[in-house]
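S.K.: when you get a sec, could you give me coordinates for this:
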Amino acid sequence: MKKIFISLVIVFTAYSYAFGQEKSNIKRDTTKGFDFFFNAGMYVGNKKNANYYRGIPNSMESDYADPNIMYVLGTGFFRQQIMDIILDNYNAENDTSKLKWNDLSGMRYTASMSFGIGIRYRFGKNLSIGVVLTQARMTAQGTAYLGVKIYETNSNDEVKCGLVGKERRTAFELIANYIFPTQSMVSPFLEVGLHVNNTKVVSSNVIVENHSFTMINLYGPNHDPTITQTQLNPRLGGVGYGFSAAFGLRISFNKWAAIEPTAQFRLEKVNLAGYNSMTPNYNFMIRLVIGDKIFAKKVAKSE
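M.R.: Numbers count the residues shown, from 1 in each chain. Model prediction:
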């Protein structure tokens with residue numbers, strides 16, 4: 001019995017030593033595995049799409065709810081409201097029938113904040129493929145001039161008004177990334193992608209002396225503001241698609257963490273009725289990248 005016990009101790013000790021040696025000869029292959037990342041930056045939209053919020057609908061593609069600046073002056077109720085605002089601020093002729101839109105400027109998007117989260121799989125030191133979800137909340141701005149007789153010196157008989165449109169643009173993108181390794185902590189990379197986007201129109205307003213009037217008909221084609229009607233809340237915008245190409249620098253702090261300043265060119269078809277042609281857009285961002293040790297492949301150390 002004593003001999004059996006001693007034999008078991010010897011076998012267990014030898015096995016433990018061998019297992020320890022094998023474990024010490026295993027490391028994680030940091031060139032393969034998953035990266036998780038978060039990005040934030042500045043999204044610059046194309047002015048051709050921004051003109052949707054100018055309030056001049058395309059008769060072939062638009063419906064009653066798309067922004068229409070004529071809707072604001074389309075009823076006596078709104079006309080009188082605007083006339084009262086003008087009379088409170090100017091020595092003007094009190095005649096609602098003479099109110100008209102003289103000129104509308106082109107619209108432009110302001111630079112908007114964009115955010116995204118994503119995951120990608122590294123097949124080696126160079127190539128990775130992943131998916132990313134991004135969103136930008138965008139604002140389009142322009143100017144409208146409201147014609148009205150003003151009894152003041154140097155008056156052009158018009159009131160300058162603001163045009164403001166807001167939208168939320170979301171994209172789900174498939175990307176392929178190729179890094180060019182260097183001996184330093186900084187490595188350049190190229191990236192291409194394709195995506196499906198969804199645009200939601202949040203608001204489209206004309207601002208008359210700090211008073212906001214919606215250009216979106218929320219009550220249907222037969223809206224009568226003098227009576228109570230059910231608000232329909234139409235869904236404006238929709239699904240589009242696009243392609244992207246990007247250049248950036250991967251700045252590695254260690255094998256598991258890096259930041260990636262990135263400049264991205266996006267060719268997108270955005271679903272805004274009448275203003276949905278394919279247009280170039282730009283996204284300038286910084287990614288915070290964290291590698292995943294759990295999924296990294298184990299390989300034996302080379303002798």
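S.K.: C-alpha only now, for contacts and for neighbours.
M.R.: Will do.
S.K.: ok, which stretches of the stretch 1-150 of the chain are helices?
M.R.: In the stretch 1-150 of the chain, the helices defined using DSSP state H, counting those that start in this stretch lie at 2-24, 47-50, 69-72, 76-89.
S.K.: what mean pLDDT does the last one get?
M.R.: The average pLDDT within helix 76-89 is 89.
S.K.: so what touches it?
M.R.: Helix 76-89 is contacted from outside by 72-73, 92-96, 99, 208-209, 225-226, using C-alpha atoms under 8 Å, 6 or more residues apart in numbering.
S.K.: and that helix, how far out from the chain middle?
M.R.: Computed by C-alpha atoms, centre = their mean, to the nearest Å, the separation of helix 76-89 from the middle of its chain amounts to 37 Å.
S.K.: low-confidence ranges, this structure, go.
M.R.: Low-confidence segments of the chain, defined by pLDDT under 70: 1-30, 59, 153-154, 223-228, 293-303.
S.K.: show me the contacts for the residue lying closest to Thr214 once chain neighbours are set aside.
M.R.: The shortest distance from Thr214 to any non-neighbouring residue, by C-alpha to C-alpha, 6 or more residues apart in numbering, is to Asn205 (4.3 Å). When contacts are counted by C-alpha under 8 Å, 6+ apart, Asn205 touches 163-165, 212-216.
S.K.: check Val196 too.
M.R.: 171-173, 239-242.
S.K.: what segments of the stretch 1-150 of the chain are strands?
M.R.: Assigned by DSSP state E, counting those that start in this stretch, the stretch 1-150 of the chain shows strands spanning 26-28, 33-44, 100-104, 108-109, 112-122, 127-147.
S.K.: just list what the fourth one packs against, helices and strands only.
M.R.: Helices and strands touching strand 108-109, by 3 or more C-alpha pairs under 8 Å, 6 or more residues apart in numbering; DSSP states H and E, are helix 47-50, strand 127-147.
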